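Student: This is a predicted model, with the sequence first.
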There are 2 protein chains.
Amino acid sequence: MKKVVNRVEDVVDEALDGMALAFPAYVRRIPNTNVLARAVPKKGGRVGLVSGGGSGHEPAHGGYVGYGMLDAAVAGEVFTSPTPDQVLEGIRAANHGAGVLLIVKNYTGDVMNFDIARELAEAEGIEVASVTVDDDVAVQDSLYTTGRRGIAGTIYVHKIAGALAERGASLAEVKAVAESVISRVRSMGFALTPCTVPANGTPTFTLEENELEMGIGIHGEPGIQRESVRQADELAESMLDRLSSDLDLNSPARLAAMINGMGGTPMLELAILARKVAHWSQDKGHDLRRIWMGEYMTSLEMQGASLTLLSLDDRLQELLDAPSDTPALRQGVAHD
Amino acid sequence: MKKVVNRVEDVVDEALDGMALAFPAYVRRIPNTNVLARAVPKKGGRVGLVSGGGSGHEPAHGGYVGYGMLDAAVAGEVFTSPTPDQVLEGIRAANHGAGVLLIVKNYTGDVMNFDIARELAEAEGIEVASVTVDDDVAVQDSLYTTGRRGIAGTIYVHKIAGALAERGASLAEVKAVAESVISRVRSMGFALTPCTVPANGTPTFTLEENELEMGIGIHGEPGIQRESVRQADELAESMLDRLSSDLDLNSPARLAAMINGMGGTPMLELAILARKVAHWSQDKGHDLRRIWMGEYMTSLEMQGASLTLLSLDDRLQELLDAPSDTPALRQGVAHD
């Protein structure tokens, strides 16, 4: 295992310090916790947003803390759910008197620990609601989940719910828009290479030189099937067809798409996927309004990508395009 | 070789289309060229900026086309200089009547081809100036250069010269500020793994399981020495000491630092490097004003990173912080 680390047991701790040191205008680390919270808290009387999960998915979730997105992100060890007491610290940091929404990816550990934290926070008098993202169409149940997994589509939930919360909407309204996104977003990923959890030191699976793993999650868990490596266009098309079928896109729809690198994929290759996503949309008669291309929800150094489709309506598009200012996502730059 | 591509001979062409399709509000591809130019041209009477070089360094340089940075980026094949006629197309696209500045990384092919293009453009009556970036302290001469190589520090040149050009400064002024950045910026990189040029299909070098290559450039060329893999802090410190020695930082200085992933490095690991850069600066008494952390100038899927230090003065810092709005770098978001 070759990694740019010091002691493997310090990886998460040091990376959280690094985020806070690199982006002091955006995030601060709550002392003695694994919580990154906004450096400049949201205005009082507004709903706070908390997300998190295991580390190894950077920039998720600390990179999305800031104006127009999250109020706090809670990090567990690599590919390990944060503990309830850590999530509780995140809720406290995000609480500005109008309630807190938890955005949880559907993994058994995350769901359980965020739920316990919710109860602890409610016992302190904080109003807490929760949504669970399960955008991955690849598997119904998995090694880590009952039901579908939550993967890169989660970032669209952060963005859209965050935009509405920033405007002073109620907790019920912010939760409802998050649920609307969840009902309209689907993702699927593949891997060309596995990844290695620092504390383990060996790859999570092995692939032959001509194999890819289709339907991987974001924890190096196996996918639904091994396939021969195919050309990018063919690969993208099969995934897009599956996403659109799951979304029942039988007639032309208004879409946003995310091409998400898994951590080790050159942007050159993501751009080739983006081209196909645009061509596929055109061929199907869809109105592809936005493409997000980059690394949004990674799996350490894994090579591969996930594709996400979000079916837009007027309101979701407007919120998707709203300004945000976070370490990993900045929109709405002022021109002269 | 496993890559997300179609035919290897179409990689650059398709990736350029992908960039234009993913970021239509920012860039357009000049038909029948490898040039990405601003979708919304800069106001007339302002200096245009052109950069470029081989592909495989994404988001460089197409990702930096837009408000506050470049006017056009010219892409060669992977790790191959663009031809003079392509650079000429970039100059034409960037010409808004006040002259064009070429920002060239110091590689023999780039320097030669940009120079020929400059002469061709001048023959058409376009005023052209040129600067050459040579920030890499690792080697004096290399496989591809006479003198030092240009690597990630180039992005600071794009940013600062771009900010000044946006304000209507003259070509001489924009060239002078670019030269000021070049004189104050130093970089150095290392690799844990090599990378594979799609058209070749085999890695550019090989490394043992416990080896890293120190002083690599951005073309998979060998570095200055093989070293045993060390802890991140030790690695960063040795590089920072070398950069600061080369910059003659004997007394406390005002700095910006860039932690640049080479393409396959998890952000988790970049954050560990960022932590050390911040601690090192503090220990040395430097005033580290800005950290840029991410993938700015990559080498396909290489794992590794480069560190860049820029010695700031009031003017450079103000220009570094000025708004920009490009696919890969957005600053100056409007808050409510």
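Tutor: The structure has been received and is ready for your questions.
Student: which helix in chain A runs the most residues?
Tutor: As assigned by DSSP state H, the longest helix anywhere in chain A is helix A:267-284.
Student: Give me the buried stretch members for it, please.
Tutor: For helix A:267-284, burial by neighbour count (16 or more other CB atoms under 10 Å in any protein chain shown) applies to A:267-281, A:284. C-beta coordinates here come from the backbone N, C-alpha and C atoms, glycine included.
Student: buried residues in the next helix or strand after it?
Tutor: Per DSSP states H and E, the first helix or strand lying C-terminal to helix A:267-284 is strand A:287-294. Neighbour counts using 16+ other CB under 10 Å place A:Leu288, A:Arg290, A:Ile291, A:Trp292, A:Met293, A:Gly294 of strand A:287-294 among the buried residues.
Student: and chain B, which of those contact it?
Tutor: A:Ile291, A:Met293 (CB under 8 Å from any CB of the partner chain).
Student: and the buried residues of strand A:287-294 as CSV, adding pLDDT?
Tutor: Below are these laid out as CSV (pLDDT from 0 to 100):
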residue, pLDDT
A:Leu288, 97
A:Arg290, 96
A:Ile291, 97
A:Trp292, 98
A:Met293, 98
A:Gly294, 97
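Student: how much space between A:Arg275 and chain B?
Tutor: Remark: distance between A:Arg275 and chain B (CB to the nearest CB, to the nearest Å) = 4 Å.
Student: related to what we said a few turns ago, what's the closest of the buried residues of strand A:287-294 to A:Cys195?
Tutor: A:Gly294 (18.1 Å; CB to CB).
Student: hang on, isn't the closest one packed against A:Leu273?
Tutor: No - if you go by CB atoms under 8 Å, A:Gly294 and A:Leu273 don't touch, sitting 11.5 Å apart.
Student: Now for those two: what residues contact both?
Tutor: A:Ile259 (CB atoms under 8 Å, 6 or more residues apart in numbering or on different chains).
Student: before we move on, back to that, what is the mean pLDDT for the longest helix of chain A?
Tutor: Averaging pLDDT along helix A:267-284 gives 98.
Student: again, but for stretch A:25-41
Tutor: 97.
Student: what comes up buried for that stretch?
Tutor: A:Tyr26, A:Val27, A:Arg28, A:Arg29, A:Ile30, A:Thr33, A:Asn34, A:Val35, A:Leu36, A:Ala37, A:Arg38, A:Pro41.
Student: quick one: which of those residues sit in helices?
Tutor: Short answer: those have none in helices (DSSP H).
Student: between these, which is closest to B:Asn106?
Tutor: Once CB to CB is applied, the member of the buried residues of stretch A:25-41 that ends up nearest B:Asn106 is A:Tyr26, at 34.2 Å.
Student: what are the ranges of the helices in the stretch 1-150 of chain A?
Tutor: Counting by DSSP state H, counting those that start in this stretch, one finds helices in the stretch 1-150 of chain A at the ranges A:11-22, A:84-94, A:108-123.
Student: again, but for the stretch 201-336 of chain A
Tutor: Under DSSP H, counting those that start in this stretch, the stretch 201-336 of chain A gives helices at A:232-246, A:267-284, A:314-320.
Student: helices or strands up against the second one?
Tutor: It refers to helix A:267-284. When contacts are defined as 3 or more CB pairs under 8 Å, 6 or more residues apart in numbering or on different chains; DSSP states H and E, helix A:267-284 packs onto helix A:232-246, strand A:254-261, strand A:287-294, strand A:304-311, helix B:11-22.
Student: Repeat the analysis, applying 6 Å as the threshold.
Tutor: Helix A:267-284 is packed against helix A:232-246, strand A:254-261, strand A:287-294, helix B:11-22, with contacts defined by 3 or more CB pairs under 6 Å, 6 or more residues apart in numbering or on different chains; DSSP states H and E.
Student: any residues touching the last one, and which ones?
Tutor: Judged by CB atoms under 6 Å, 6 or more residues apart in numbering or on different chains, the contacts made with helix B:11-22 from elsewhere in the structure are A:268, A:271-272, A:274-275, A:278, A:291, A:293, B:5, B:27-29, B:34, B:55, B:62, B:75, B:77, B:198.
Student: cool, the longest one as well?
Tutor: Applying CB under 6 Å, 6+ apart, the set of residues contacting helix A:232-246 from outside is A:Val137, A:Arg186, A:Met188, A:Ile272, A:Leu273, A:Lys276, A:Trp280, A:Leu307, A:Leu309, B:Val4, B:Val5, B:Asn6.
Student: Name the residue of the stretch 51-200 of chain A that lies nearest to chain B.
Tutor: Of all residues in the stretch 51-200 of chain A, A:Glu58 sits closest to chain B, at 3.7 Å by CB to the nearest CB.
Student: check contacts around that residue.
Tutor: B:Met267, B:Leu268.
Student: For the helices of the stretch 1-150 of chain A, give me CSV that also has mean neighbour count and distance to A:Arg254.
Tutor: Output for these, formatted as CSV (neighbours: other CB atoms under 10 Å in any protein chain shown; distance: least, CB to CB, whole Å):
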stretch, mean neighbour count, distance to A:Arg254
helix A:11-22, 24, 34
helix A:84-94, 24, 31
helix A:108-123, 19, 31
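Student: could you redo these as TSV and give each row mean pLDDT?
Tutor: Converted to TSV, these look like this (pLDDT from 0 to 100):
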stretch	mean pLDDT
helix A:11-22	98
helix A:84-94	98
helix A:108-123	97
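Student: B:Gln331 is nearest to which of the ones you listed?
Tutor: helix A:11-22 (14.6 Å).
Student: what angle sits between that closest one and strand B:254-261?
Tutor: 140 degrees (axes from the mean of the first three to the mean of the last three CA atoms, to 10 degrees).
Student: hey, C-alpha coordinates of helix A:11-22 in PDB?
Tutor: Taking Å, rounded to 0.1, in the frame of the first residue of the first chain, the C-alpha atoms of helix A:11-22 are listed here in PDB:
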ATOM      1  CA  VAL A  11      -5.600   9.700   8.700                       C
ATOM      2  CA  VAL A  12      -9.000  11.000   9.400                       C
ATOM      3  CA  ASP A  13      -8.000  13.300  12.300                       C
ATOM      4  CA  GLU A  14      -5.200  14.900  10.200                       C
ATOM      5  CA  ALA A  15      -7.300  15.200   7.100                       C
ATOM      6  CA  LEU A  16     -10.000  17.100   9.100                       C
ATOM      7  CA  ASP A  17      -7.400  19.400  10.400                       C
ATOM      8  CA  GLY A  18      -6.100  19.900   6.900                       C
ATOM      9  CA  MET A  19      -9.600  20.800   5.600                       C
ATOM     10  CA  ALA A  20     -10.000  23.400   8.400                       C
ATOM     11  CA  LEU A  21      -6.500  24.800   7.700                       C
ATOM     12  CA  ALA A  22      -6.900  24.900   4.000                       C
END
